[in-house]
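A.B. asks: mind looking at a prediction? Sequence and model below.
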Amino acid sequence: MLNFIDGGVCAAQGFRAAGVHVGVKTHAAWKKDVALIVSDTDCAAAAVFTKNVVKAAPIHVDLAHLKDGRARAVIANSGNANACAPHGEEYAERMCAAAAKAIGCEAGDVLVSSTGVIGQTINVSVIEEGVPALYAALEASPEASDAAAHAIMTTDTEKKEAAVETVVGGKTVRLGGIAKGSGMIHPNMGTMLCFLTTDCAISSQMIKTALLETVNVSFNRISVDGDTSTNDTCLVLANGLAGNAEIIEKGPDYEAFLAALRTLCVELAKKMASDGEGAKHLITCSVVGAKSEASAEIIAKSVVSSTLTKAAIFGADANWGRVLCAMGYSGEDFDPDKVDVHFASAAGDIAVCEQGRGLDFDEELAKTILTEHDVEILISMGEGQGTCTCWGCDITYDYIKINGDYRT
């Protein structure tokens, strides 16, 4: 049994959340800008961070706080990345200390994240002053998850949250999460924050293993614009309140939990790709028949990352040559004369390339198919059993407008 449920980051037992405006976003007093997620009990915790050499101050703090594999809470702000800025780590630690004081735990048990403009000093004082009200707003409700989800948004046009329920060791286990990400998103994470919670009992080592496995097949398979941010963070807290026997090794219980975590993270990843800055289309590229899964992934990533392919989808132009071109420079060796390409959506499915050669196809039908919001690029390699699906979005005029004046 694996079902989507309501509740977001508060779906799992023992988790509360809140989101309020404290003044980090000075230009938008009506927008929430700080979120807090708290477990009633200590949690096993793990995180995955950006591969960018330039890392924001909160990441350095989190790495230190996660050395024991435990955490209790997360505080996060939008409106300022606290990256490459004066007093970065000091101010990130002050955010943790303020949250810990309100919660009644050690500062080292609090994780911290930031997102927004790089290089500007964060106004940590308004965050410290706002923490009491933030803590007072904590609730274990879908509305609280909604508030927290909105509080971490930057250029996102809609919140991103999801939750699932499954059975592990005969016990009902819930997992939930919120995320943000709209631009600076590329395979191997992007300008994304993702906070996951679960009431499953699982050891720190196994939750880390599960997170690493999951990120590789979800958040590392999306692309919006080819940029990888300084702040990318995906973290998970597991408080064990579901009452299952603690997962301490791989086996049926671990696989059940992993399947649920993957389902949750793929859903959040697709929401991020769909909400790419200025995007009008979610692009799903599925590759089958590759030499291996790794080969299929490289090819699918290359296609969803291709600016020319993104532009073609924006224009509803069935320019399949751009797909083959992106495949060809992916770095993977394959036989172009075995490649078939289809475009598909809710409006239908059309073959545009067979055995590496163009087909006579109905241009009007193709345009209708590509006008839908969710568009699929289906590629058959004819070389093996490897399969992979990656997600991206089109590139539009609005992307330039958003990023041309993002800082000002």
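C.D. replies: Cool, got the structure. Keep in mind the model is a prediction, meaning the values are calculated, not measured.
A.B. asks: helices or strands next to the helix or strand in which R16 is found in the packing?
C.D. replies: R16 is part of strand 15-20, with elements assigned from DSSP states H and E. Applying 3 or more CB pairs under 8 Å, 6 or more residues apart in numbering; DSSP states H and E, we find strand 15-20 packed against strand 34-49, helix 124-136, helix 142-151. Where you see a C-beta, it was placed from the backbone N, CA and C, and this is true even at glycine.
A.B. asks: nearest to S306, out of the ones you listed?
C.D. replies: Closest to S306 of these, according to CB to CB: strand 34-49, at 25.5 Å.
A.B. asks: what angle do that closest one and strand 15-20 make?
C.D. replies: 120 degrees (axes from the mean of the first three to the mean of the last three CA atoms, to 10 degrees).
A.B. asks: if we can go back for a sec, the helices and strands packed on strand 15-20: which one's closest to C200?
C.D. replies: strand 34-49 (9.2 Å).
A.B. asks: and the angle from the closest one to helix 142-151?
C.D. replies: Here the directions of strand 34-49 and helix 142-151 differ by 70 degrees (the same axes, to 10 degrees).
A.B. asks: strands paired with strand 34-49, and their directions?
C.D. replies: Here strand 34-49 has these sheet partners by DSSP bridges: strand 15-20 (antiparallel), strand 70-78 (antiparallel), strand 233-238 (antiparallel).
A.B. asks: the closest residue to T307 other than its chain neighbours in helix, strand or coil?
C.D. replies: Using CB to CB, 6 or more residues apart in numbering and skipping the chain neighbours, the partner closest in space to T307 is I395 (6.1 Å). Under DSSP: H, G, I helix; E, B strand; the rest coil, I395 falls in the coil class.
A.B. asks: quick one, helices of the stretch 151-300 of the chain?
C.D. replies: Remark: helices assigned in the stretch 151-300 of the chain by DSSP state H, counting those that start in this stretch are 204-216, 252-274, 293-305.
A.B. asks: any idea which residue of this protein is furthest from its center?
C.D. replies: Ranked by distance from the centre of the chain (CA atoms, centre = their mean), the top residue is D360, with 38.8 Å.
A.B. asks: so who does the residue most central in space within the chain touch?
C.D. replies: Centroid-nearest residue in the chain, with CA atoms, centre = their mean: A269, separated by 4.5 Å. Contact partners of A269, counting by CB atoms under 8 Å, 6 or more residues apart in numbering, are S218, F219, R221, I222, W391.
A.B. asks: check what pLDDT it gets.
C.D. replies: pLDDT for A269: 90.
A.B. asks: identify the residues contacting the closest residue to it other than its chain neighbours.
C.D. replies: Of all residues not flanking A269 in the chain, S218 sits nearest, at 4.4 Å (CB to CB, 6+ apart). Applying CB under 8 Å, 6+ apart, one finds that S218 lies in contact with R262, C265, V266, L268, A269.
A.B. asks: tell me what the closest residue to A47 other than its chain neighbours is bridged to.
C.D. replies: Of all residues not flanking A47 in the chain, L235 sits nearest, at 3.7 Å (CB to CB, 6+ apart). With DSSP bridges as the criterion, L235 is bridged to A47, F195.
A.B. asks: by neighbours, which of the contacts of S218 wins?
C.D. replies: Counting neighbours by other CB atoms under 10 Å, A269 comes out on top of the contacts of S218 with 28 neighbours.
A.B. asks: please save the CA atoms from stretch 40-52 in PDB.
C.D. replies: Taking Å, rounded to 0.1, in the frame of the first residue of the first chain, the C-alpha atoms of stretch 40-52 are listed here in PDB:
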ATOM      1  CA  ASP A  40       8.300  16.400  19.100                       C
ATOM      2  CA  THR A  41      11.300  14.100  19.600                       C
ATOM      3  CA  ASP A  42      14.900  13.700  18.500                       C
ATOM      4  CA  CYS A  43      15.300  12.400  14.900                       C
ATOM      5  CA  ALA A  44      17.700  10.500  12.800                       C
ATOM      6  CA  ALA A  45      18.800  13.000  10.100                       C
ATOM      7  CA  ALA A  46      20.600  13.200   6.900                       C
ATOM      8  CA  ALA A  47      21.200  15.700   4.100                       C
ATOM      9  CA  VAL A  48      22.500  16.100   0.600                       C
ATOM     10  CA  PHE A  49      24.000  19.400  -0.500                       C
ATOM     11  CA  THR A  50      25.100  21.200  -3.700                       C
ATOM     12  CA  LYS A  51      28.200  20.000  -5.600                       C
ATOM     13  CA  ASN A  52      29.000  23.600  -6.300                       C
END
